[in-house]
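Enquirer: got a predicted structure here, sequence first:
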Amino acid sequence: MGLARNDQRFAEEVSQFISSAQRELMLTTEENSLGIQRQIAGVVYPESMEQLRKLVQLASRHGVPLYPVSQGKNIGYGDRTPYQQGQVVVSLTKLNKIREYNPENGEVVVEPGVTQGQLAQFLKDRGAPYWADVTGASPDASILGNTLEAGFGHTPIGDHRKNILDMEVILTDGSLLRTGEMPSVGPDLATLFIQSNFGLVTAIKIPLFPIPEDTVTFVISFSTEPSFFKGIGVLKELRKAGVFNSLVHSGNATRALMTASPFPKECDPAHALSESECQAMINTKGLLKVGAWTTIGAIYGMKEEVKFKEKRLKAAFRGVGQVRVFTDRKIRWTDLLLNSKILKKFPSLNLARKSFASLKALHGILRGQPSSVPSENIYWRVKEQSRLGLAWFSPVIPATAQDAEKLLTLSRALFAKYGLEMPVTLTMINDRKMTAVFNICFDKSRPSEVALAHQAYQELSREVKTLGYGPYRLGILSDCEQAFESRKLNFLNVIKRALDPRHIMAPGRYGIGAVKQLKQRMPQIESRAEKTA
């Protein structure tokens, strides 16, 4: 099968309890949106916990490294591609049960293959008085996978890593660990398995968000970047005061145009659009006026409470930014108007319709309704998935105007240097921290663009680090071995050796684990690959 000797024995034993329909053990190359190739030792699709535990035990016995993925939708960070060569990808898509639903406490237990679309439909079918917190990823993205990557959504429970109630983990000896619910005696063990490779997480218990009596979406447009910087301080104070408790996402004009439209046909593909060009373009053809920056969030509560907080929000931004509020009814009537027979006759409103479709999708996401619209908008300069090149760069900064200005000034110069548009979103996770998510877009079918994008990513990583900002999330383009300061990494490696002495669980992921062992295995694998070819 083109495998190293240990891998061959492993494959033979795996075939005894995983049928050929669920097994795909062969030497292959995994593709991803980063344009990176990896030689892997195979792909396995276990269908049960029993199969999965046996698989882990066999891997430990033979010293075969595993790389577990949930739905493999980690687009922009590596999809389902391992950080290092020679690993067996364990796809958990078939472990897709919603094991428990507690309507009294508003809790669910989900397996790795459960998608946010699946959970949203589950709650809708039961008429549950809860929403799931969902992200801007596609409806078929894994809830568990996003949580283990410290992902975030939109509602008051949108900081996913802080909202894990319990966790089930298969350790590398095949034993099962329940981390336990907090508050309880001792450390919160669930946090050990966030962005790490200490075990294979097979289920998590998470809270649901009680559907409030009233909800309004607010959109704030800032005409200039200085006004947006001033608005960051206002948002901080309003968040502290409890005027809103959703996460708020702020995008620049390039992000707004990308969200509403593919790269404009009338523009030269060799030319990188500036933020001012993007703003002018979307305001010429769009319905809703877009500023240099646009912020979106929601106010949840009882009707009178929401009405009062809406007034506070508008008063606070008077003279700083334009606040518009959208209810379900307003969204519904605007949608009917734009898509009416009369207005459908005007092609000039096409961009307005697309822009509104994005707003409608975000309005729904703030209410627990996942949408494919935001994920479709990553096809900025290419239409085919085979050509989609996308790398996310995501540093964390203090939620201050000064830090936002420092980051954007440096980043803008580097994007211009490499001839790239700079779409960016700043998300205020709480009143102390913001995450920045930059798109580096390219055509991965063109080697020159791949090389340029990778070079831009590496320089951006180095330069942002000099400002004192670290990443909130890493992908396979990242220098994971430099992710932690030395004392913390030493501590994590002590835990790794204790829990995974043979280093079979995603070695190298987030820089934790034995790299040398992987490199020693590669000559065997590559030799077999040449013979197979």
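Expert: Nice, thanks for sending it over.
Enquirer: and the helix or strand hosting I282, C-alpha only, in CSV?
Expert: Taking DSSP states H and E as the definition, one finds I282 inside helix 275-285. Extracted in CSV, the C-alpha atoms of helix 275-285 (Å, rounded to 0.1, in the frame of the first residue of the first chain):
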residue,chain,number,x,y,z
GLU,A,275,-9.5,50.5,1.0
SER,A,276,-10.7,53.9,-0.3
GLU,A,277,-11.4,52.4,-3.8
CYS,A,278,-13.4,49.6,-2.2
GLN,A,279,-15.4,52.0,-0.1
ALA,A,280,-16.2,54.2,-3.2
MET,A,281,-17.1,51.1,-5.2
ILE,A,282,-19.6,49.6,-2.8
ASN,A,283,-21.2,53.0,-2.0
THR,A,284,-21.7,53.7,-5.7
LYS,A,285,-23.5,50.5,-6.4
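Enquirer: quick check: mean pLDDT across it?
Expert: Across helix 275-285, pLDDT averages out at 82.
Enquirer: got the buried residues for it?
Expert: 275, 277-279, 281-283, 285 (16 or more other CB atoms under 10 Å). C-beta: built from backbone N, CA, C; applies to glycine.
Enquirer: buried stuff in the longest strand seen in the chain?
Expert: What stands out as the longest strand in the chain, according to DSSP state E, is strand 433-443. Neighbour counts over strand 433-443 (16+ other CB under 10 Å) mark 434-443 as buried.
Enquirer: V109: which of these is nearest?
Expert: Set against V109, the nearest of the buried residues of strand 433-443 by CB to CB is T435 (27.4 Å).
Enquirer: thought that closest one was touching L407?
Expert: No. T435 lies out of contact with L407 (CB atoms under 8 Å); the separation is 10.9 Å.
Enquirer: intersection of neighbour lists for those two?
Expert: 395, 397 (CB atoms under 8 Å, 6 or more residues apart in numbering).
Enquirer: need the nearest residue in space to the most centrally placed residue in the chain, chain neighbours excluded.
Expert: Taking CA atoms, centre = their mean, the centroid of the chain lies closest to G151, which sits 5.6 Å from it. Spatially, and ignoring its direct neighbours in sequence, G151 is nearest to H160 (5.2 Å; CB to CB, 6 or more residues apart in numbering).
Enquirer: could you do A506 as well?
Expert: Nearest to A506 is N197, by CB to CB, 6+ apart, at 4.0 Å.
Enquirer: mind checking what secondary structure the one you found has?
Expert: Secondary structure assignment for N197 (DSSP: H, G, I helix; E, B strand; the rest coil): coil.
Enquirer: so who does it touch?
Expert: Taking CB under 8 Å, 6+ apart, one finds 496, 500, 505-510, 512-513 in contact with N197.
Enquirer: helices of the stretch 101-250 of the chain, start to end?
Expert: Using DSSP state H, counting those that start in this stretch, the helices found in the stretch 101-250 of the chain span residues 116-125, 143-148, 225-241.
Enquirer: any chance of those in a markdown table, with distance to V201, mean neighbour count and mean pLDDT too?
Expert: A markdown table is the format used below for the helices of the stretch 101-250 of the chain (distance: least, CB to CB, whole Å; neighbours: other CB atoms under 10 Å; pLDDT from 0 to 100):
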| stretch | distance to V201 | mean neighbour count | mean pLDDT |
| --- | --- | --- | --- |
| helix 116-125 | 17 | 18 | 98 |
| helix 143-148 | 6 | 24 | 96 |
| helix 225-241 | 31 | 18 | 97 |
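Enquirer: so for R473, which of those sits nearest?
Expert: helix 143-148 (10.3 Å).
Enquirer: who does the closest one touch, helix- and strand-wise?
Expert: Other elements packing on helix 143-148 under the criterion 3 or more CB pairs under 8 Å, 6 or more residues apart in numbering; DSSP states H and E are helix 116-125, strand 200-207.
Enquirer: ok, which of the ones you listed comes nearest I476?
Expert: Judging the helices and strands packed on helix 143-148 by CB to CB, what sits closest to I476 is strand 200-207, at 18.9 Å.
Enquirer: minimum pLDDT in the contacts of N197, which residue is that?
Expert: Among the contacts of N197, G513 has the weakest pLDDT, 82.
Enquirer: can you tell me how far the residue found closest to that one once you drop the neighbours it is linked to in the chain sits from N283?
Expert: Nearest non-adjacent residue to G513, counting by CB to CB, 6+ apart: P507, 3.7 Å away. Separation of P507 from N283 (CB to CB, to the nearest Å) stands at 50 Å.
Enquirer: with I211 instead?
Expert: 35 Å.
Enquirer: about what we covered before: count of neighbours near the residue nearest to G513?
Expert: Counted with other CB atoms under 10 Å, the neighbours of P507 add up to 25.
Enquirer: if we can go back for a sec, got the confidence number for the residue nearest to the centre of the chain?
Expert: So, for G151, pLDDT stands at 94.
Enquirer: so it sits right up against G158, yeah?
Expert: No. Using CB under 8 Å, G151 is not in contact with G158, being 9.2 Å away.
Enquirer: re earlier: heading C-terminal from the longest strand of the chain, find the next helix or strand.
Expert: helix 447-466.
Enquirer: count the residues that sit near the closest residue to L189 other than its chain neighbours.
Expert: Spatially, and ignoring its direct neighbours in sequence, L189 is nearest to T179 (4.0 Å; CB to CB, 6+ apart). Look at T179: counted by other CB under 10 Å, it has 23 neighbours.
Enquirer: and T179, its phi and psi?
Expert: phi -70, psi -20 (degrees, to the nearest 10).
Enquirer: tell me how far L414 lies from E50.
Expert: 50 Å.
Enquirer: more crowded one of these two?
Expert: Comparing L414 with E50 by other CB under 10 Å, the one with more neighbours is L414, at 18 against 10.
Enquirer: need the helices for the stretch 351-500 of the chain, in chain order.
Expert: Assignment of helices within the stretch 351-500 of the chain using DSSP H, counting those that start in this stretch yields the ranges 373-376, 401-417, 447-466, 486-499.
Enquirer: quick one: N430 and K162 touch, right?
Expert: No. If you go by CB under 8 Å, N430 and K162 don't touch, sitting 9.3 Å apart.
Enquirer: now the common contact residues for the two.
Expert: In contact with both N430 and K162: no residue, using CB under 8 Å, 6+ apart.
Enquirer: any low-confidence regions in the protein?
Expert: By pLDDT under 70, the low-scoring segments of the chain are 1-7, 19-30, 284-288, 347-348, 514-533.
Enquirer: what residue in it is the furthest from its centre?
Expert: In the chain, by CA atoms, centre = their mean, I342 is the one farthest from centre (39.2 Å).
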